[in-house]
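**Q** Sequence first, then the predicted structure:
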Amino acid sequence: MRICTNPDCGQRVAETVEVCPACGTALPATQRAVPGYELLGLVRERLGYSVWRARREADGRHVCLRLYHLSGNGDDVLERARAILGKVAAAPAELVVPTLDFRLLDSATALRATPWEEVRSWGDMLGPDRLFRDPRQRRPCLELMQGMARCVAALHEAGHLMPFMTLDDFLLVRDAAGVLQVRLDPKLTRFMPLATDDDGPDAARLRRLHPDLNAERLLDQRSDLWSLGHLFLDLFTGTDQHDDYQALADGIYHRFEPVVLHRKLSALLRQMVEDDPSKRPSSADSVLAALAAVDDADLAKWARFEKDPGRNRRLLNRVLAVAAALVVVAVVLGTVLYHRFSTGIDETRRTTSAAVAKVESLVRDGQGFVDASAKEAVRQALADIRQASPEQRAQAVLARYSRSVAFVQTEGWLEIDGRRLAIASCEGTAFLVTSEGHLLTNRHVVTPWLGESEVADAYAELRRRRLGFRFGVTYRLWFDGDEAFRPLSTGNNSDKAEDKYRLDTAYASGNVHRNVVVAGVMVPPQDVPTALASWMQDDVAVLKIDLLPEGAVPIPLRAGEPPVRGTRVLALGYSSGRDGNADTRALARASEGSVTRVFADAIATDADLHPGNSGGPVLDLDGYVVGIASQLHNRPGGGLQTAMGRLLPIDLANGFLQKVRHDVPVWDGLPPEAFEPEMRTALAAADAGDWATARGLASVPGVAANPEVAQMAAILCYTPDGFTPEGHRLLERLAVLDPEVGFVHLLRYWHDWRAGVPEPDRAARALLLDAPWHSPLEPYGQGVRMLEGTLAPGTAAEQAESAPELANALWIDGTMAQANRDPATAHERFRIALGAIPPEDKLTSYLLRCSLWHAGDHGRQVPAPPSARPQPATGKEMLAAFEGVLLDGSPAAPAANPGTAKFDLLPKVFHAAQRGEWERVRIACDRYLALPHRESANILGVGLLRCQAIGLAGNKAAEAKALAEFRAGIANGWYRQIADCLLGTTDPQEALKSVAGKRPETITLGLALGLRAERDQDREAAINWYNLALDTCQANWLEYELAQERRKAVRSK
């Protein structure tokens, strides 16, 4: 638990929450460290304590770690709790969960560690068709009850009582034979002075219902038996919502309601929950004996009783009685509803008008719905909606918020020689969410040119023909009720906006008044796995207007958990756009529906959605937005779209909205082509050596909000002494806009190095040095090591695994020579680096050309990088181009570039493996590993593949030896664990559990075990392991393509 950092809020939130749901403040990331343990994940959290899955550093054992937040004296707590644990530990080992570690971390925190167990939830035992309601499972149910009673008996024998007993005190685990067993795991929270009293609802309910606690009697073993009996009743009835357990047990015993139990069992339960302690069983051993007395013959009678004709007759009588009662209720209810419908409309209108007036007064006073000072008043206003009858709620929500929903029209164009050519346009919906004028919508509504192949082809053709062009865009919006459209006949056969829309009434970009701007657009997922696995693709944009329209109020956003399946919702938007609107006004359409499914990043609904709804709000009937209409369901195989759709959860959009409101750097949605004239001028100046003019790109409005253009503008601001202030500002902004670009972080570090900043304080130092083996940032840590003197420049160049890596190493070597006043060496390094990079890498190219100019080439034009070499179109064509001397053992021909052979050899290794040519794979791996290298993802993957290729070629003994040598020669813990799995020293399933959900680890393990199963000719297992690797969606990894091809090869055999 932690507290919001906003002094005006103070809301308590969970450790994993990043934005306070009460006030919207961005919370700093928490990193909890526990000495001696590595925290793997949060299991459960309450106000007074938290439960974690952890790994004990001493022996790697997985444990369950409980952290208690104390309010009293820690030493006293420790002594009392140890006494309790000591009594519990005296019980037989098979009945209790042992405590491995119990101590104080500090004066306010205690720690308890127990072995990690894969447990079953008690929820799986309850409800219809579950264990305790299944007639075929009565013997296992009785055995579980006996196990619970046996635990209580052992506790009593050790001299300890537990009257506050709940199901949480018993763990359900399976033994080696797969049989469910019960173990006692008493919760210490009831005996500790926690910082916040939060024992959970079960303990609070027990305190209220337990007769001994209510009567303040002396507690003894029979008090525990009442608690145990009430748990048995909860399990059999499938619910804990009972206020009188004695009456419940009497109903089961006399009337077989609400469940039918054997008389021996119902008599025992009735005795255990007696209010009078003297009538309860004397001990837990008595309960055990009574349960053991229910034998197989009793279970058979119990089953036959279900078919008792007398019982069926009684049941029929009860059904008839209930039916008669329902008829009477229906008549009375119909009369009441008729009266309510005929007299309640005026009252609903008055209620809605008063609520709207409250919110309008808040807006006039300058208070937005997200402002902390206005939150309670807005909640009270919204509560008035709930007073309306359910059938009138939708009308009340529509009446309140329709004016806050805007029709959006976006138009982008190219201007060539003064002629404007439209390239993309879109109509959609947006909605007001703050009193400052922010509106939420979809990214695709305000950036219709993104992902359009025709637009990309147009850009490419214009550049090929060297035609100058200018990109332009206009955003327009109208609110509900505004005059927005011209008659359909006016706009027929015209693509001009002024022929279709009323431009004089619109909010539009560039207006002096009634202006609208794009305040921020979420960047689509850049890494391939996230992009493939995400439905919604972070489809969010924020617009901002300078003046709120009259009558519009911010629509509140639902915070916390997403809506559950079945929640009634109302979609507001302009579903048919301009062409489907017969009116000249923008009129928002409402569509009712319900939530049909809830996913991790999407909500499905059956509300009637159409393309014009994109970006519009979907509200629950309490008047809160739960999602943004973003996608339509497509029929399988194509064809017409259905009216059902998917919503983007509002929590994701709200998190981005808070970044925009707090001025966190975000993208503005414009493509790089929007700055084509300025880019053309700057690069032409750079080509001519006019770097002063080229640096002007950094001062162009809007460049800082466009990652691709901002990177080039920052590069052009390079000087040997560091980047100019404008360039450095752009680099710092880029680090926030796209934190995965390692090249930017390396330049930030280099700038601080040239500025004389001490090593520990340099930007991105820890980020690059500590990047894991599979991170795209890992190669850039080499540059940091060079600048700090822990890696020789020549070694870094030899270890480079790609042309950009080689160029970066040579550039840093050159700048170090420049700093040591050795311009000749610097000049040489920069020229070699310029020849090493591919022509399409313009960022590195211009960095090197700028460096060359400063190193002595100023005064004459710096030569352009070499022209593009023809490259094979596919990996298989690349393999064919390099087949021959490198695989048959002959010496390779000298490469024009020293790194070319090494860079081209890696894909060759994997493509040979795709074809199953294992001896060739081994030869290629040996050649690759013989080159200078560091322990990188490529080296680890090739090293492991070499070992398995030996086994797949038929030599299992040599494979085992190679695996042992591979394991001994690396430091990476994960690849050592894979080697252990292949050597048979660890269980693959245990390895998977330790990295559950981690994509790079899972793809490497899945591929390795798939190759092993293929070696052992286990076709089914091989396909399953390859599918596990492909489940990671790591489509940009060579291992991914190899898993695909090997799965295909296994199936073809």
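**A** Cool, the structure landed.

**Q** Please look at residue 558 and residue 626 and confirm they touch.
**A** Yes. If you go by C-beta atoms under 8 Å, residue 558 and residue 626 touch, sitting 4.9 Å apart. Where you see a C-beta, it was placed from the backbone N, CA and C, and this is true even at glycine.

**Q** and for these two, which residues touch both?
**A** 620, 650 (C-beta atoms under 8 Å, 6 or more residues apart in numbering).

**Q** Between the two, point out the one with more neighbours.
**A** Per other C-beta atoms under 10 Å, whichever of residue 558 and residue 626 has more neighbours is residue 626, with 23 against 20.

**Q** packing partners for the one helix or strand that one maps to?
**A** Element membership for residue 626, per DSSP states H and E: strand 625-634. Counting contacts by 3 or more C-beta pairs under 8 Å, 6 or more residues apart in numbering; DSSP states H and E, strand 625-634 packs against strand 568-573, strand 603-605, strand 617-620, strand 641-649, helix 650-661.

**Q** so how far is that strand off the chain centroid?
**A** Chain-centre distance of strand 625-634: 18 Å, with C-alpha atoms, centre = their mean, to the nearest Å.

**Q** so it versus helix 650-661, what angle?
**A** Orientation of strand 625-634 against helix 650-661 (axes from the mean of the first three to the mean of the last three C-alpha atoms, to 10 degrees) gives an angle of 120 degrees.

**Q** Now tabulate the helices and strands packed on strand 625-634 in a markdown table and tack on mean neighbour count and distance to residue 759.
**A** Shown next, in a markdown table, are these (neighbours: other C-beta atoms under 10 Å; distance: least, C-beta to C-beta, whole Å):
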| stretch | mean neighbour count | distance to residue 759 |
| --- | --- | --- |
| strand 568-573 | 24 | 55 |
| strand 603-605 | 23 | 48 |
| strand 617-620 | 27 | 50 |
| strand 641-649 | 21 | 43 |
| helix 650-661 | 20 | 31 |
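
**Q** hang on, the earlier thing: for the strand holding residue 626, what is the average pLDDT?
**A** In this model, strand 625-634 carries a mean pLDDT of 81.

**Q** Which residue, other than its chain neighbours, is closest to residue 1022?
**A** With sequence-adjacent residues excluded and distances taken as C-beta to C-beta, 6 or more residues apart in numbering, residue 1022 is closest to residue 1013, at 3.9 Å.

**Q** Confirm that that neighbour sits in a helix.
**A** Yes. Assessed by DSSP: H, G, I helix; E, B strand; the rest coil, residue 1013 belongs to a helix.

**Q** where's it relative to residue 1028, distance?
**A** 11 Å (C-beta to C-beta, to the nearest Å).

**Q** ditto for residue 1042
**A** Taking C-beta to C-beta, one finds residue 1042 at 14 Å from residue 1028.

**Q** Same drill for the two, tell me which one is more crowded.
**A** A direct count of neighbours by other C-beta under 10 Å for residue 1042 and residue 1028 places residue 1042 higher, at 23 against 18.

**Q** Hmm, that one is touching residue 1007, no?
**A** Yes. Counting by C-beta under 8 Å, residue 1042 touches residue 1007, with 6.4 Å between them.

**Q** follow-up on the earlier one: quick one: buried residues of the strand holding residue 626?
**A** Across strand 625-634, burial judged by 16 or more other C-beta atoms under 10 Å covers 625-632.

**Q** any idea how far residue 610 lies from residue 592?
**A** Here residue 610 is placed at a distance of 15 Å from residue 592 (C-beta to C-beta).

**Q** higher neighbour count, those two?
**A** Neighbours were counted for residue 610 and for residue 592 using other C-beta under 10 Å; residue 610 has more, 20 against 15.

**Q** what's the closest non-adjacent residue to the more buried one?
**A** Excluding the flanking residues, the one nearest residue 610 by C-beta to C-beta, 6+ apart is residue 575, at 3.9 Å.

**Q** Please apply the same query to residue 729.
**A** With C-beta to C-beta, 6+ apart as the criterion, residue 729 has its nearest non-adjacent residue at 7.6 Å, and that residue is residue 704.

**Q** swap in residue 606?
**A** Of all residues not flanking residue 606 in the chain, residue 593 sits nearest, at 4.6 Å (C-beta to C-beta, 6+ apart).
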